[in-house]
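Participant: Please work out how this folds:
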Amino acid sequence: MPSLTLAKTNEIIEATFAKAKEINLKPLGIVVFDAGGHVVAFQKQDGASFLRFEIASGKAYGALAVGAGSRRVEAMAKERPHFMQGLSGVSGGKVVPVAGGVLIRSQGEVIGAVGVSGDTSDNDELVAIAGIQAAGFEADGG
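Facilitator: Below you'll find the predicted structure:
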């Protein structure tokens, strides 16, 4: 199974930024985590606001925490607010339950997650999926 190397991580980030430029998004922050929730890389475009790392991280972290893309995490927050309150508590408030956190899968197995923040959540998710797929992995937005 392919692994999430630094080279592949950078490929994801570059392809995500390229897709964002193609569709004219606002400046983004992009973080990539490995399957254990460790940051592999983060980049922020010029002009992106200062909390982009924290927001993008919360999206990716939440996706890894529940094993589903953050679009599903967002739905869970609406369907089961007590669960989300508990998840927020045990994670130290790290989970951001909105679209833009996408699991990276290889041969069906989760090998990491991408979090994008800076434009609408739908657009953040769209470019994250494009970046993951461009690097040859499967994207799971939830």
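Participant: Just the element for Ala113, please.
Facilitator: In the assignment (DSSP states H and E), Ala113 maps to strand 109-117.
Participant: helices or strands up against that strand?
Facilitator: helix 6-22, strand 29-34, helix 52-66, strand 101-106, helix 121-134 (3 or more CB pairs under 8 Å, 6 or more residues apart in numbering; DSSP states H and E). Any C-beta I mention is one placed from the backbone N, CA and C, and that applies to glycine too.
Participant: In CSV, list the ones you listed along with distance to His82, mean pLDDT and mean neighbour count.
Facilitator: Output for the helices and strands packed on strand 109-117, formatted as CSV (distance: least, CB to CB, whole Å; pLDDT from 0 to 100; neighbours: other CB atoms under 10 Å):
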stretch, distance to His82, mean pLDDT, mean neighbour count
helix 6-22, 34, 98, 18
strand 29-34, 26, 98, 26
helix 52-66, 15, 97, 25
strand 101-106, 21, 98, 28
helix 121-134, 23, 98, 23
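Participant: Let me have these in JSON lines, extended by distance to Gly115.
Facilitator: As requested, these are exported to JSON lines (distance: least, CB to CB, whole Å):
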{"stretch": "helix 6-22", "distance to Gly115": "10"}
{"stretch": "strand 29-34", "distance to Gly115": "5"}
{"stretch": "helix 52-66", "distance to Gly115": "3"}
{"stretch": "strand 101-106", "distance to Gly115": "5"}
{"stretch": "helix 121-134", "distance to Gly115": "7"}
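Participant: for those, which one sits closest to Val73?
Facilitator: Val73 sits nearest to helix 52-66 of all the helices and strands packed on strand 109-117, at 4.6 Å, using CB to CB.
Participant: Report the separation between Ile55 and Val31.
Facilitator: Distance, Ile55 to Val31, using CB to CB, to the nearest Å: 9 Å.
Participant: Ser88: what secondary structure?
Facilitator: helix (DSSP: H, G, I helix; E, B strand; the rest coil).
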